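Colleague: Sharing a model that was predicted from the sequence below.
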Amino acid sequence: MGTPHIEASKGDIAKTVLMPGDPLRAKFIAETYLDDVKQFNAVRNMFGYTGTYQGKEISVMGSGMGIPSIGIYSYELITKYGVENIIRIGSAGAYSPDLKLYDVVIGMGACTDSNFAHQYDLEGTYSAICSYDLLKKATDAAEKLGTEVHVGNIFSADVFYNKNSEEWKKWMDMGVLAVEMETYGLYCTAAATGANALTLLTISDSFHSEEKTTPEERQTSFTKMMEIALELA
C-alpha cells in the first residue's frame, strides 16, 4: 500500500494514533508504554509504531513541526489507513500567567495565523474545535489519574521566531491559554475527513518567565500527558 510519506501496509496502523511532534518521543512512548511493538514507518525518520496498551491496540507516530507537516500525516493516516482518532501530544508555550511548567493543557479549540483553511473555500473564518467525545474521555481519564488539566483555546502559530515580539499578548487578552504549531491543521483535517482529533499539551516554557524544559525532558518527561492520551485507546 504505502503513501509518499508512510510505508505501512493496510492493517499495520491502529484506529487510534498518538502523534507527538518529535519522532524520538514516539519511539520513547512505544518502548516505554506499549507491548508487542512493531515499527511501521521510518520514511524521513518519521518513526511510527503499533502495539498494545492494557490489551488495546494503539499506534504512535511523529507528526513533525508545523501545520503543513501534521496536515500531510494526519490526512494520509485517516484517508489511506482508516485511522479514526488522532491525539496530538505536544509541548506548548504558556500565554496564560496561570500556567506553570509541566501543566497539562487540552485544546478545546485552536486559533491560528495560518491560511490552512483557505482550501475549503469558506466564506468566513473557520473555528477549529476538538472532538467532544475525545475531550470528555480525556477529562475523565485525567480525573481518574489525579492530574489537573486546563481546558480551553490554544493558538497554532505559523511563525516560531516572530518579528513582532509582543503579538502574543493580544491572544492572551482573548483568553488563549498557550501556543503551539500544529493543532489548527489537525482539527481542520479531522473535520474535513470525518475523523476525531484532540490535542493534549504540556507546558514547556512560558512567556512570563525564563524557565524552560530541555529537549531531553520534552522527549521523556511529559508522562502525565502521555498517560491521559494512552487511556483514550
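Modeller: That came through, no problem. Note that the structure is predicted; figures quoted are calculated from it, not measured. Numbering: from 1, shown residues only.
Colleague: Spell out which helix or strand contains the most centrally placed residue in the chain, please.
Modeller: Averaging the C-alpha coordinates of the chain gives a centre point, and the residue nearest to it by Cα atoms, centre = their mean is Arg88 (1.9 Å). Following DSSP states H and E, the helix or strand that holds Arg88 is strand 85-94.
Colleague: List the neighbouring strands of that strand plus their orientation.
Modeller: Strands that pair with strand 85-94, judged by DSSP bridges, come out as strand 16-19 (parallel), strand 178-180 (antiparallel), strand 196-206 (parallel).
Colleague: Tell me the predicted confidence for the residue nearest to the centre of the chain.
Modeller: The predicted local confidence for Arg88 comes out at a pLDDT of 98.
Colleague: Repeat that for Lys212.
Modeller: The predicted structure scores Lys212 at 84 on the pLDDT scale.
Colleague: who's in contact with it?
Modeller: With contact set as Cβ atoms under 8 Å, 6 or more residues apart in numbering, Lys212 has these partners: 101, 204-206. (Glycine included, C-beta is placed from N, CA and C.)
Colleague: Am I right that Ile67 is in contact with Asp113?
Modeller: No - no contact is recorded between Ile67 and Asp113 when judged using Cβ atoms under 8 Å, the distance being 10.1 Å.
Colleague: quick one: which of these two has more around it?
Modeller: Between Ile67 and Asp113, counted using other Cβ atoms under 10 Å, the more crowded position is Ile67 (24 against 13).
Colleague: Next one: that one from Ala229, what distance?
Modeller: With distances taken as Cβ to Cβ, to the nearest Å, Ile67 is found 20 Å from Ala229.
Colleague: before we move on, what about Val105?
Modeller: For Val105, the distance to Ala229 equals 13 Å [Cβ to Cβ].
Colleague: More neighbours: the two, which one.
Modeller: With neighbours defined as other Cβ under 10 Å, Val105 and Ala229 compare such that Ala229 has more, 28 against 25.
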